[in-house]
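Trainee: quick one: sequence plus predicted model below, questions after.
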Amino acid sequence: MGAIYLVRHGQAPAHAYGVGVPDPLAPGLTELGERQAHRTGRALTAQVRTFDAAISGDLPRQRATLHGVLSMFDSRPEVVVDPAWNEYALPPALSAVPSEFYADRARYQDELDQGLDRWIAGADEGTDETYAAFADRTRDAARRAAELAGSGRSVLVVSSAGTITQLIAQLWNVPDARWPTLSRTFVNASVTKLIAGGRGLTVVSVNEHAHLAGDLMTYR
């Protein structure tokens with residue numbers, strides 16, 4: 001059996017959530033997010049001697065987190081960028097919001113939940129990807145990662161809360177409409193472990209974040 005360690009990205013700048021105009025030269029993580037990635041990397045060195053493969057989506061926050069985690073290891077594999085691990089696109093109502101709206105976390109979450117509910121139900125939310133397509137590409141990304149996790153091999157994947165929990169929902173047969181509830185309490189830079197074996201993928205642990213307790217624990 002092999003192991004897949006799914007790491008949620010560290011804290012990202014607000015523009016990743018629709019605030020202001022994205023700056024292509026801006027760092028993928030906040031200073032706190034970089035510290036979270038390093039802390040998670042150190043925590044993983046106690047569990048894994050080295051990773052045989054390392055994958056991330058192509059979002060700046062995912063790639064920066066992967067770099068931060070791997071920087072804690074003496075030996076590092078070549079990085080594979082797989083956009084299928086990207087997060088879903090924000091609903092149009094959240095694609096450009098003022099900072100004060102984003103600061104009201106309850107209001108922002110309500111708007112996000114409503115948009116996701118409509119998207120899951122099949123409504124045209126003005127995004128390029130349907131919910132069904134998102135679920136399919138998450139499943140395909142997991143299959144490719146599992147192929148790399150051969151006997152005794154360890155694979156690191158850095159993704160986002162929505163994509164990681166979409167995979168968990170599929171493995172646990174969680175109804176589509178309930179999937180978003182899994183991601184609401186996902187901690188930045190938390191670790192979810194899967195085992196890849198002859199019967200497919202099995203969830204071993206979810207959202208591990210004890211190493212981030214205290215001033216490094218954030219949800220967005």
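Mentor: Received the coordinates, thanks.
Trainee: buried sites along stretch 74-82?
Mentor: Neighbour-count burial for stretch 74-82 flags Arg76, Pro77, Val80, Asp82 (criterion: 16 or more other CB atoms under 10 Å). Any C-beta I mention is one placed from the backbone N, CA and C, and that applies to glycine too.
Trainee: show residues contacting the helix or strand where Asp136 lies.
Mentor: Assigned by DSSP states H and E, Asp136 belongs to helix 131-148. Identification of contacts with helix 131-148 by CB atoms under 8 Å, 6 or more residues apart in numbering yields 2, 4, 52-53, 55, 82, 84-85, 88, 119-120, 122, 155, 157, 163, 166-167, 170, 176, 196, 200-201.
Trainee: so which of those residues sit within helices?
Mentor: Using DSSP state H, the members of these that fall in helices are Trp119, Ile120, Thr163, Gln166, Leu167, Gln170.
Trainee: out of those residues, which is nearest to Ser71?
Mentor: Nearest to Ser71, judged by CB to CB, of the ones in helices among the contacts of helix 131-148 is Thr163 at 22.9 Å.
Trainee: would you check that that closest one makes contact with Trp85?
Mentor: Yes - Thr163 lies in contact with Trp85 (CB atoms under 8 Å); the separation is 5.9 Å.
Trainee: okay, the worst-scoring helix or strand of the chain on mean pLDDT in CSV with CA atoms only?
Mentor: Least confident helix or strand, the chain: helix 99-103 with a mean of 73, by mean pLDDT, DSSP states H and E. Coordinates of each C-alpha in helix 99-103 appear next as CSV, following Å, rounded to 0.1, in the frame of the first residue of the first chain:
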residue,chain,number,x,y,z
SER,A,99,-12.9,44.3,1.6
GLU,A,100,-15.6,45.1,4.2
PHE,A,101,-17.8,42.4,2.7
TYR,A,102,-15.0,39.8,2.9
ALA,A,103,-14.3,40.9,6.5
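Trainee: give the buried residues for it.
Mentor: For helix 99-103, by 16+ other CB under 10 Å, it's Tyr102.
Trainee: which other helices and strands contact it?
Mentor: Packed against helix 99-103, as judged by 3 or more CB pairs under 8 Å, 6 or more residues apart in numbering; DSSP states H and E, are the following elements: helix 105-120.
Trainee: now the helix it packs on and helix 131-148, what's the angle there?
Mentor: 90 degrees (axes from the mean of the first three to the mean of the last three CA atoms, to 10 degrees).
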